[in-house]
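*Asks:* just to be clear, the model below is a prediction. Sequence and coordinates:
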Amino acid sequence: MSEGVKISIIIIKTNMKNRIIRRLYEFRHFTYIVVFIVVINMLYAYATRFEKIIKIKETNVFRGKYGVNTIADIDGNIYSVENSLFYLFFKSTELYTQFDAGNTYKITGYGYRIPVFNVYPNIIRAEKV
């Protein structure tokens, strides 16, 4: 290989490396946004955790764009039973099927009722009392 070809190869590699570094630099804003969203969701999941005893009034499955399993207690509170990435809970269907109207359960969950966003507290654990 001649000296000119070697220099051309080095220049091409350097240009490719610089382009990759520029792309990563541009991509960092997207990374910051994703990390921010994940941290906010983790804070929400762990800062709003609760345990309480409830008596089930009824269970419902709302079908629509997304199916949501909900539980209503005798005090008028509504809870959703959904999978939770932050608690590594992926058995929401099995948990939902164990609820029976009229029975009392000690539940563990997280979240608040936010009507504007159609968000309910989420149950992640339940024991029949």
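*Replies:* Looks like it came in fine.
*Asks:* what does the lengthiest strand in the chain contact?
*Replies:* The longest strand of the chain (DSSP state E) is strand 49-62. The contact list for strand 49-62 (Cβ atoms under 8 Å, 6 or more residues apart in numbering) reads 67-75, 77, 79, 96, 99-110, 121, 129. Bear in mind the C-beta positions are built from the backbone N, C-alpha and C, glycine included.
*Asks:* give me the residue at the spatial middle of this structure.
*Replies:* Most central in the chain under Cα atoms, centre = their mean is residue 85, positioned 5.1 Å from the mean C-alpha point.
*Asks:* hang on, the earlier thing: the contacts of strand 49-62 in helices, which ones?
*Replies:* With DSSP state H as the criterion, helices contain residue 96 from among the contacts of strand 49-62.
*Asks:* narrow the contacts of strand 49-62 to those that are buried.
*Replies:* Among the contacts of strand 49-62, those buried by neighbour count (16 or more other Cβ atoms under 10 Å) are 68-73, 79, 96, 99, 105, 107, 109-110, 121.
*Asks:* now render those residues as a markdown table, adding pLDDT and distance to residue 24.
*Replies:* Listed next are these as a markdown table, based on pLDDT from 0 to 100; distance: Cβ to Cβ, whole Å:
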| residue | pLDDT | distance to residue 24 |
| --- | --- | --- |
| 68 | 83 | 39 |
| 69 | 90 | 42 |
| 70 | 92 | 44 |
| 71 | 93 | 46 |
| 72 | 94 | 49 |
| 73 | 95 | 50 |
| 79 | 95 | 43 |
| 96 | 93 | 43 |
| 99 | 94 | 48 |
| 105 | 97 | 49 |
| 107 | 97 | 45 |
| 109 | 97 | 40 |
| 110 | 97 | 35 |
| 121 | 96 | 40 |
